[in-house]
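Visitor: A predicted structure for the sequence below; I have some questions about it.
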Number of protein chains: 4
Amino acid sequence: MIIVMNKDARHEDIENVLMLVQKLGLEFSILNNEEKTIILTQQSYDLNSDLIKALPKVEYVVTLNEDYKLVYKNINNLETKIKVGDCLIGGKEITFIAGPCSIESKEQLFKIANHLKNSGVKIIRAGAFKFRTSPYSFQGLGYKGLELLRELKEETGLYVISEILDHHDLPYFEKVVDILQIGARNMHNINLLKAVGESHLPVLLKRSYSATLKEFLFSAEYILMGGNKNVILCERGIRTFSDYTRNTLDISIVPAIKQRSHLPVIVDPSHATGKRDLVIPVSLAAIAAGADGLMVEVHHQPDLAYSDSEQAIRLEQFDELIRRSRKIAEAIGRKF
Amino acid sequence: MIIVMNKDARHEDIENVLMLVQKLGLEFSILNNEEKTIILTQQSYDLNSDLIKALPKVEYVVTLNEDYKLVYKNINNLETKIKVGDCLIGGKEITFIAGPCSIESKEQLFKIANHLKNSGVKIIRAGAFKFRTSPYSFQGLGYKGLELLRELKEETGLYVISEILDHHDLPYFEKVVDILQIGARNMHNINLLKAVGESHLPVLLKRSYSATLKEFLFSAEYILMGGNKNVILCERGIRTFSDYTRNTLDISIVPAIKQRSHLPVIVDPSHATGKRDLVIPVSLAAIAAGADGLMVEVHHQPDLAYSDSEQAIRLEQFDELIRRSRKIAEAIGRKF
Amino acid sequence: MIIVMNKDARHEDIENVLMLVQKLGLEFSILNNEEKTIILTQQSYDLNSDLIKALPKVEYVVTLNEDYKLVYKNINNLETKIKVGDCLIGGKEITFIAGPCSIESKEQLFKIANHLKNSGVKIIRAGAFKFRTSPYSFQGLGYKGLELLRELKEETGLYVISEILDHHDLPYFEKVVDILQIGARNMHNINLLKAVGESHLPVLLKRSYSATLKEFLFSAEYILMGGNKNVILCERGIRTFSDYTRNTLDISIVPAIKQRSHLPVIVDPSHATGKRDLVIPVSLAAIAAGADGLMVEVHHQPDLAYSDSEQAIRLEQFDELIRRSRKIAEAIGRKF
Amino acid sequence: MIIVMNKDARHEDIENVLMLVQKLGLEFSILNNEEKTIILTQQSYDLNSDLIKALPKVEYVVTLNEDYKLVYKNINNLETKIKVGDCLIGGKEITFIAGPCSIESKEQLFKIANHLKNSGVKIIRAGAFKFRTSPYSFQGLGYKGLELLRELKEETGLYVISEILDHHDLPYFEKVVDILQIGARNMHNINLLKAVGESHLPVLLKRSYSATLKEFLFSAEYILMGGNKNVILCERGIRTFSDYTRNTLDISIVPAIKQRSHLPVIVDPSHATGKRDLVIPVSLAAIAAGADGLMVEVHHQPDLAYSDSEQAIRLEQFDELIRRSRKIAEAIGRKF
C-alpha cells in the first residue's frame, strides 16, 4: 500500500495515519521529498485502505495487490482440475453440462437426459428449486425434483448438477447431486457461500449479472476459505443497455480469469443470450476464447418448457453444437 | 387489464378500444366515474396492452398479469401508511431514518443515536450483520450487535431498523428491531422475502442495484403475498457506467412507484452516491421528487468508521440536512 | 504524477522512464526505499500517464490532478453567470427554457411560444435540424425552421435556442439564435466544439447519454479553449439497464459539477425520463439539487407532435410546473 | 412483416397465424418453398409482431417498418461481398485489417506496415485525424498523415483505411484511402453518414459504444440510402459497469447481425478490450462466432505509442494471432 499525504499535511496528520497503520499490524517505511510525505506499507486489505483513505490530509492510497489470495494463481501456476466421477473439469477436455432449465416431470427429465447421454454428455443440469422474478411463475418441483434426479443417476449413471437456493437444504443436495450450483442471484449470498465452502462437493458459481470481475472472484474466495477447493466459475452474461439479447455475454472474462486464477471457467450461452438461435455461435466463441466447458439449456419441446423457453435449444441443435464444438476444440489443441 | 381513458375521450375513442378488445377475444366491463371511463378486461398479455396503449385517448393501460396485484394501487387509490410506534411512514410527514452503517461498539452506537435523538430522529439504522464483498473485511458484530440495539431501545425509547441476512435469524430480529431491513443484495432472496412476509414487523425492502422497476415490485409482491402489508420501498442507486459516484441514484423511480403502487418510498442517498458531499443536495432532490423519507448513514467520526466511511455524513452535517430538508418539505406541503 | 517501478526493475528500466519524462518536459524527483523506486513528477497530462504506464517494469502511475484547467473552479471560486439579453443564467434566478421538440409549422411554434411568454418564459427552445435514429423519421424543417425562429424573435422579443448539427451552419445560426445548442450525440464532435468555441454566442452543451463526468467536462474544455467562456452544461439522462424511463436522470451530477466547475448546470427532465408524467416531480428534484435551470419540452397537442410526443408536457402542465418550481426555488433561497 | 413458420408447422398452425393477421386487418400473401411457409403482410407495427411471434410454430417475425429496409437481408438471402482491390470482405476468407492507432511518423508507419505485409496483411489501418477525449492529448498528424498513407500505398501496394471525422474532408480522403472509417463517436453523425453514402468507396462503420443493435443498423441504413451499398459493420465493445476491460465486447452481435443483415461484420478486439493480453483470445472467439474479419491495433513499440498504447499488440504477437486464427478459420470451413 502506498499512502500519499497531501502537501499541507502537518506532523499530526502523518502521526494519525501511522497510528492506524500500526493498529492494523502493517509494517511501513516513510519517504519524504520536498513536496509530500509518502508512506509505504508491505501488505494490506481493502478494508484498511478505505479506512486510511478517509483520514485527514491523505491524498491517495494505492493498494499494490488485490486480495483474493486463494483464488489467485499460485507461484507454481498450477491450474485446478476438478474430478466429477470420471470427468475432469479444467483439463484438456472441454466439459459439456446440459439439460432442461427446470425438472418438469420424470418423463421430461429422462427423455432429455437419455438423449444427451447418447450424445456423449456425462453431466446433466436440471433445476429442482427455481428462482423466479414473479411469485406467480412456476417455482420448480422442489424436493420431489431432487428425488427424480436421484432416480436418474441410479438408472443412467449420469452425474447431476442442480441449483441450491438455501443453505439449510445442503444435506438434501449432498445426498443427490454431484456438483452444487450457486445461481447468479445468490453470488452475494454469504451464508450460502460459506455453507458450500464446507461441503465435499464441487461448486459451480455463476457470476451475478451485475458483478465486477473482482466481486466474482471474491465470492469464490468465500468458498475456498471454507476449505472447498473445487470451484468452477461460470460466466452467464451481464446486464447492460443492449436489448436484443437477454444479457450481454462478457466473453473477455474467460481469458481475464485464466490470467488471474487457477480455477476452471465455463460459459452458459443460454442465459447469456436468451435466444436459441444465438446459442451455437456464442458457444463456439466461448471455446475459442479458452473456456473449459459449456452449460447449455436443452429441451425436447422448448416451446412448451415451463421456464426460459426462448433460450433452450432443441435436441438436434444440441447434437449440431457438439459436432461444431469438437472442431473448434481440436483447432485449439483440446480434446472433447 | 385496466384501460383508463383520457378525460376528453369521445364516444368513438371508447368504441375504438372496445372493438380491439373484442377482436383480441377478451371479456370486459366498463366503469364510469365523473371524470373518466375505465375499461376492465379479465385477462391479457403484454402484447395486447401495447396495442391498446397506442390507440387515441387511451391514458393508461395497466396489465394485471404483469402480476404484482397486491403491490399495485387499488381502485380506491388509498396509500399505505405504516405505523412504527408513534411514527407514520407514508403520511404527510417526511420520515428520517439515520445512524451508522455498522454497529462498532456500545459507545459508538449510543453516541450517534443520542445525537440523532436530540435532532428529532425517532428511527435509528445500524447494521449488526454486514454483507461485505471481501471475506477479509469487517463482517459486523452479529448477535452481539442485536443485543446492543436492544439496550439502545430500552435506554432511549428510539425505534431501530437493522438488516437481516438469513431467514433463520428472524426470531432473534423479531425480539429486537421495529423494522426488518432487506438489503439490496437480498432483494432476490426468495426464502428471506417469504419469511419476512409472515412476520408482524414492517419491512424495508431495498432495490437491488441491478433491478428493473418490475423486478423491484415483484420482490415486494413476494412479501405482501405472505400477508405482511407493511412494506417500505427504498431506492439506493443502480449500477451504471458512470464512475464519479458509487452508484447512480435513479430519482425518477420515486414518482414512478407512486404512480403504480400504494406503498411508501424512501431514498438512501448514502449508498446511492457513496460521497459524503453529495448526500445533502441529493436528499433535498429526493424529498422534492416526492419521497416519503430518507435513510442516511451518519457517524460521529466517519473517517474512522469500519465500513462505508466515505459516505457517512458527520453529526453536524446531519443537522444541516434536517434544517434544509424542512424547508423543501414545507414548500411541497409536507410536514416534518 | 507518481510513477511506481516494479521491485525487479533494473537500472535501465528506470532510465527508460526518466528519458521519456524528460522528453515530455516534466520536472521530476526520485525516491528509493528498500523495495521499490518511485519517481515523482510535477505536472502531467493524461496522454503522458498512459505512455508511461506502458513502459516495462512500471507498476503504477498515479495522476495527481485532472486536466480540465479552464472548466475547473478557479482560486477565487467565482461562478460564471451568462447573460442572454436581460436573462442571467447561473445567478440567483432559476432559468426556464421551454418549447416544442421540433418546429413543425409557424402556427405551432407561435402558439406554444406565446403561451410560454405569458407564463413568464423568456427563452424558447425549438429544433430546426433534428437528429433522428431512423432515416425515415421527420428530420426537421431545417433552414426554414431557422427563418421561423427569426420571425418569432422579431414579433415577440423572446430569445431562442436551437440545436446546431454541423459546424458549417454556424453563420446561419449566429444570425438567428441567442444560444447555440450542442446535442447529446454531438458531445464528442470535436470540430463542432471547436467551431462554437470561436463563436460570440453562449453554448448549451448536453451530456452524451454515455459520457462520464470527466468526458463531459473535457468537451466543455474544448469550447472554452477556443475563447468562448459562456458554456451552460445540461444533464439529460444516461443510458442504463433500467427500462421504465427513456434514460436515467443522473441527478447527482448537478452538485458534482458545482463542486468542480464554475459553469452553470441545467437539467432536461423531458429527455431524461421520456415520460410526460414524470417531468414535474423530476424537475422539482433538479431545482432542489441545485440546478440553475430547466429545459423542458412543451407542446399544445403532445399526442400529435412530430417527434418525442410521449415526453412533451401540455401547456397547462407547464404552468403547474412553474407554480410548483417557484415554491422549491424560494425554499432554497433562489428567485424565479 | 415477414412471418417465417417453423418447418414442422402444421396446417392448423398456419391457419392460426392467418386468423390473427386478418383480425389485425393486415393484407397478406403466402409463399411456400420446399422447407417452410412464409407469410408476407403489407404493413405492420411492432406490437403486432409480438402478438404473432407468440403463436405456436412461428419461427421468425421480421418487421419491415422497423425500417432498415436496405440493410435487411433480402428474399434471396444474398450476402454482400465487398471488393477492395483483390481482397473480398464478406466472402469465405477472413479479412485482417491491422496497423497502428495513429500515424506518428513515416518511419513508424512504414516499419509496421512492412512487417504486416510480410505477415500476409493487405489492408492497413492508421489514423491521421484522431478523436481524443482531452483537448490536451495528441490529435493526430492530420493532412500530413494522409500524405504519408498515400506514399505508403505507392511504395508497398497495400490498401489503407483511415477514419474521417468531418464530411468536408471527404475529397482529401477519396484521393488516398481504400476504405472510409466512421468511428464509434460518429456513428450518429448524420451529415457524415450521408456524405459517405454518396462516395464510391466502401465504408467501415463502427458501432457506438452505447448504440443498440437497432440504432447501429439504422446508421448503416443512412449510408445505404445514399446509394453506397458497400458497408462493413464493426463491433468494438460497449460501455457497461464492468471495469476490468476498457469496454465489453458484445460478441453475440456478430451472429445477431448475420441473422438480420446481408452486410459483412468484423470485430475490433483492441478497443473492445483495451488490454493487449486479451486481444488474441477474444479475436479467436470473434472468428468462431462468425465474424468476417478483424481490425487490430499493432505497434512495433506499443509502450511508446502516442495513443492507446495499452491495447496495441506487438509485431510478434500479431504473427501469433495470425497463426492461431488460421486454425479456427479452418475449423469452421473458412479460408484465410
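Guide: It's in.

Visitor: wait, a helix at residue A:20?
Guide: Yes. The secondary structure assignment for residue A:20 places it in a helix, going by DSSP: H, G, I helix; E, B strand; the rest coil.

Visitor: surely it touches residue A:53?
Guide: No. Contact status for residue A:20 versus residue A:53: not in contact, 11.0 Å apart, counting by C-beta atoms under 8 Å. In this view, the C-beta of every residue, glycine as well, is placed from N, C-alpha and C.

Visitor: show me where the stretch 151-300 of chain A has helices.
Guide: A:170-176, A:190-197, A:213-225, A:253-260, A:269-273, A:276-288 (DSSP state H, counting those that start in this stretch).

Visitor: is the shortest one in proximity to chain D?
Guide: Yep, that's helix A:269-273 we're talking about. Yes. Legend: contact between helix A:269-273 and chain D by C-beta under 8 Å from any C-beta of the partner chain is shown at A:272, A:273.

Visitor: what about residue A:152, distance to residue A:108?
Guide: Spatial separation of residue A:152 from residue A:108 under the definition C-beta to C-beta, to the nearest Å is 11 Å.

Visitor: no, scratch that, I was asking about residue A:197
Guide: Computed with C-beta to C-beta, the distance linking residue A:197 and residue A:108 is 33 Å.

Visitor: what's the spacing between residue A:181 and residue A:295?
Guide: Residue A:181 is 9 Å from residue A:295, by C-beta to C-beta.

Visitor: what do you get for residue A:51?
Guide: Here residue A:51 is placed at a distance of 40 Å from residue A:295 (C-beta to C-beta).

Visitor: check residue A:87 too.
Guide: In this structure, residue A:87 lies at 13 Å from residue A:295, with C-beta to C-beta as the measure.

Visitor: so between these two, which is more surrounded?
Guide: When neighbours are counted by other C-beta atoms under 10 Å in any protein chain shown, residue A:295 comes out ahead of the other of residue A:87 and residue A:295, with 24 against 18.

Visitor: now do the more buried one, the pLDDT please.
Guide: If you check residue A:295, the pLDDT there is 98.

Visitor: what sits against it?
Guide: Each residue near residue A:295 by C-beta atoms under 8 Å, 6 or more residues apart in numbering or on different chains is listed here: A:97, A:98, A:125, A:161, A:204, A:234, A:266, A:267, A:268, A:270.

Visitor: check contacts around the fifth one.
Guide: Looking back up the chat, that one is residue A:204. Contact partners of residue A:204, counting by C-beta under 8 Å, 6+ apart, are A:97, A:161, A:179, A:180, A:181, A:182, A:231, A:232, A:234, A:266, A:295.

Visitor: among the residues you listed, find me the one that's closest to chain D.
Guide: For chain D, the closest of those turns out to be residue A:266, at 14.4 Å, with distances computed as C-beta to the nearest C-beta.

Visitor: look up the residues forming beta bridges with the closest one.
Guide: Beta-bridge partners of residue A:266, counted by DSSP bridges, are residue A:234, residue A:293.

Visitor: ok, which stretches of chain A are strands?
Guide: Counting by DSSP state E, one finds strands in chain A at the ranges A:2-5, A:28-32, A:37-41, A:58-62, A:82-84, A:87-89, A:95-99, A:123-125, A:159-163, A:179-182, A:203-206, A:231-235, A:265-267, A:293-297.

Visitor: can I assume residue A:162 is in contact with residue A:172?
Guide: No. If you go by C-beta under 8 Å, residue A:162 and residue A:172 don't touch, sitting 10.3 Å apart.

Visitor: pretty sure residue A:165 is touching residue B:190, no?
Guide: Yes. Under the contact definition of C-beta under 8 Å, residue A:165 touches residue B:190, with a separation of 6.9 Å.

Visitor: who's more crowded, these two?
Guide: Neighbour comparison, residue A:165 and residue B:190: the larger count goes to residue A:165, with 24 against 21 (by other C-beta under 10 Å).

Visitor: and the residue nearest to the more buried one when sequence neighbours are not counted, its phi and psi?
Guide: Once flanking residues are discounted, residue A:165 sits nearest to residue A:129: 4.8 Å by C-beta to C-beta, 6 or more residues apart in numbering or on different chains. Dihedral angles of residue A:129 (phi, psi; degrees, to the nearest 10) stand at phi -100, psi 120.

Visitor: residue A:129 touches residue A:142, doesn't it?
Guide: Yes. Using C-beta under 8 Å, residue A:129 and residue A:142 qualify as a contacting pair, with a distance of 5.9 Å.

Visitor: who has more neighbours out of those two?
Guide: A side-by-side neighbour count of residue A:129 and residue A:142, using other C-beta under 10 Å, places residue A:129 first with 24 against 15.

Visitor: now do the more buried one, the pLDDT please.
Guide: As summarised for this prediction, residue A:129 has a pLDDT of 93.

Visitor: list the contacts of it.
Guide: Residues near residue A:129 by C-beta under 8 Å, 6+ apart: A:139, A:140, A:142, A:145, A:162, A:163, A:164, A:165, A:166, A:169.

Visitor: which of the residues you listed are buried? Put it as a PyMOL command.
Guide: Buried subset of the contacts of residue A:129, written as a PyMOL selection, criterion 16 or more other C-beta atoms under 10 Å in any protein chain shown:
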select buried, chain A and resi 139+140+145+162+163+164+165+166+169
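
Visitor: tell me, what's touching residue A:181 and residue A:295 both at once?
Guide: When C-beta under 8 Å, 6+ apart defines a contact, the residues bordering residue A:181 and residue A:295 alike are A:125, A:161, A:204.

Visitor: burial measure for the second one, as a count.
Guide: Close neighbours of residue A:161, defined as other C-beta under 10 Å, add up to 24.

Visitor: check contacts around the nearest residue to it once chain neighbours are set aside.
Guide: Nearest residue to residue A:161 in three dimensions, chain neighbours excluded: residue A:179, at 4.0 Å (C-beta to C-beta, 6+ apart). The neighbourhood of residue A:179, defined by C-beta under 8 Å, 6+ apart, consists of A:84, A:123, A:159, A:160, A:161, A:201, A:202, A:203, A:204, A:232.

Visitor: including distance to residue D:305, could the strands of chain A go into JSON lines?
Guide: Conversion of the strands of chain A to JSON lines gives the following (distance: least, C-beta to C-beta, whole Å):
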{"stretch": "strand A:2-5", "distance to residue D:305": "27"}
{"stretch": "strand A:28-32", "distance to residue D:305": "31"}
{"stretch": "strand A:37-41", "distance to residue D:305": "30"}
{"stretch": "strand A:58-62", "distance to residue D:305": "25"}
{"stretch": "strand A:82-84", "distance to residue D:305": "41"}
{"stretch": "strand A:87-89", "distance to residue D:305": "40"}
{"stretch": "strand A:95-99", "distance to residue D:305": "40"}
{"stretch": "strand A:123-125", "distance to residue D:305": "45"}
{"stretch": "strand A:159-163", "distance to residue D:305": "46"}
{"stretch": "strand A:179-182", "distance to residue D:305": "42"}
{"stretch": "strand A:203-206", "distance to residue D:305": "38"}
{"stretch": "strand A:231-235", "distance to residue D:305": "31"}
{"stretch": "strand A:265-267", "distance to residue D:305": "31"}
{"stretch": "strand A:293-297", "distance to residue D:305": "37"}
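
Visitor: looking at the ones you listed, which one has the lowest mean pLDDT?
Guide: Of all the strands of chain A, the minimum mean pLDDT falls on strand A:28-32 (a mean of 72).

Visitor: look up phi and psi at residue A:128.
Guide: As for residue A:128, its main-chain torsions (degrees, to the nearest 10) stand at phi -100, psi -50.

Visitor: which non-adjacent residue is nearest it?
Guide: Using C-beta to C-beta, 6+ apart and skipping residues adjacent in sequence, the residue nearest residue A:128 is residue A:145, 2.9 Å away.

Visitor: quick one, what contacts residue A:276?
Guide: For residue A:276, the residues meeting the contact criterion (C-beta under 8 Å, 6+ apart) are A:302, A:310, A:311, A:312, A:313, A:314, A:317.
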